[in-house]
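1. Could you work out the structure for the sequence below:
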Amino acid sequence: MPLHTPLSELFGIDHPIVLAPMGDVSGGRLAAAVSEGGGLGLIGGGRGDLTMLAAECQLAKQGTEKPWGVGLLTWAVNPEIIDWVIAQQPAAIILSFGDPAPFAKAIHDAGIPLLSQVHSLDEAKQALDAGVQVLVAQGREAGGHHGGRSTLPFVPAVVDIAHGIPVLAAGGIADGRGLAAALTLGAAGAMIGTRFEATHESLLSAAESKVMLKAKAADTTSGRAIDIAARPVETRWPAEYPARTVRSVFTDEWQDRDAELDADPKAQQEFRTKVAELHMDYVPIWAGEALDLIDELELATPLVQKIAHDAERALTRAHAYIR
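-> Okay, here's the model as predicted:
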């Protein structure tokens with residue numbers, strides 16, 4: 001039987017599966033494909049580049065008539081960007097990595113459900129105080145930026161303080177078994193990133209996809225080296241959110257040497273130059289520990305349906321243990 005949760009009811013979707021709004025990965029085409037599959041596709045809006053967002057939102061509108069949304073980095077956006085996104089009439093807006101309160105009223109007044117990705121219980125309480133409709137509890141197993149908690153113990157802890165507000169599990173979930181586990185933890189669904197990164201509709205290049213498909217969880221690393229090298233200090237990611245990527249020549253040399261890298265502008269410039277040249281020993285591949293469960297590119301629409309179907313089967317098998 002199909003899975004029905006407060007998340008699917010809130011958005012009128014068939015399956016409690018949400019595409020993680022991964023910057024440079026989750027474009028309008030991927031978001032539309034996930035929505036067409038019965039999930040909720042989210043565009044990775046990042047810092048709010050409006051030129052990029054305009055193109056990707058248009059692709060989403062062209063690709064589906066089902067609900068889709070936009071994700072933004074809370075610490076990097078401003079009210080003008082929020083207002084522009086609201087004007088696109090998405091079905092959802094998710095704010096991640098920071099207090100959503102400064103932007104919550106505008107989103108609430110527009111009648112758009114507000115999601116907030118959280119990485120600690122303090123952040124969860126902060127988001128609840130801001131009146132969010134859905135919490136996303138992300139564990140450190142996730143690809144890209146993350147907090148310090150592990151998904152398995154973190155999700156039920158957030159569920160306990162949410163008092164009925166739907167919670168999504170995120171971090172290390174790539175198949176139906178992971179979705180089933182999230183539901184048994186009390187979550188209303190799962191936000192999935194790395195698995196959808198390895199699809200034909202993602203924004204990854206062929207070279208990036210090749211690196212990703214060869215990698216396993218043991219080939220990932222988490223730290224701040226890429227963030228330190230990628231941008232000047234005034235526009236860097238907050239230090240409390242390290243990033244998980246596939247290991248590279250650059251991370252092997254510089255990971256966990258933050259102070260040295262911060263004091264070496266030549267190394268930082270070399271990184272930026274090599275990335276601009278698409279040198280694959282430097283281009284970041286944001287991927288999480290779910291890599292062990294991924295061995296090929298798939299189409300996103302049937303992938304959503306497969307994950308949902310496999311979750312139903314997993315829950316049915318688990319129910320058989322009850323005597």
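
2. which residues in this protein form strands?
-> Using DSSP state E, the strands assigned to the chain run over residues 17-19, 41-44, 68-73, 92-96, 114-118, 134-138, 144-145, 167-170, 189-192, 220-223, 243-246.

3. pull the CA atoms of the last one into CSV?
-> Okay, so that is strand 243-246. Output in CSV follows, covering the C-alpha atoms of strand 243-246 (Å, rounded to 0.1, in the frame of the first residue of the first chain):
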residue,chain,number,x,y,z
ALA,A,243,31.6,19.7,4.1
ARG,A,244,31.7,16.1,3.0
THR,A,245,33.2,15.4,-0.4
VAL,A,246,34.9,12.7,-2.4
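
4. now for it, which elements pack on it?
-> Under the contact criterion of 3 or more C-beta pairs under 8 Å, 6 or more residues apart in numbering; DSSP states H and E, strand 243-246 touches strand 144-145, strand 220-223, helix 225-230. Glycine gets a C-beta too; all of them are placed from N, C-alpha and C.

5. can you tell me which residues contact the residue found closest to S150 once you drop the neighbours it is linked to in the chain?
-> The spatial neighbour of S150 that comes closest, neighbours along the chain excluded (C-beta to C-beta, 6 or more residues apart in numbering), is G139 at 5.0 Å. By C-beta atoms under 8 Å, 6 or more residues apart in numbering, the contact list for G139 reads H146, G147, R149, S150, T151, L152, F154, V155, A169, A170, G171, G172.

6. for the chain, which helix is longest?
-> In terms of residue count, the longest helix belonging to the chain (DSSP state H) is helix 300-319.

7. Other residues contacting that helix?
-> 1-3, 14-17, 19, 30, 33-34, 36-39, 175-177, 179-181, 183-184, 192, 195-196, 199-202.

8. In JSON lines, list the helices and strands packed on strand 243-246 along with distance to A243, mean neighbour count and mean pLDDT.
-> What follows is the helices and strands packed on strand 243-246, written out as JSON lines (distance: least, C-beta to C-beta, whole Å; neighbours: other C-beta atoms under 10 Å; pLDDT from 0 to 100):
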{"stretch": "strand 144-145", "distance to A243": "5", "mean neighbour count": "24", "mean pLDDT": "96"}
{"stretch": "strand 220-223", "distance to A243": "7", "mean neighbour count": "20", "mean pLDDT": "98"}
{"stretch": "helix 225-230", "distance to A243": "6", "mean neighbour count": "23", "mean pLDDT": "97"}
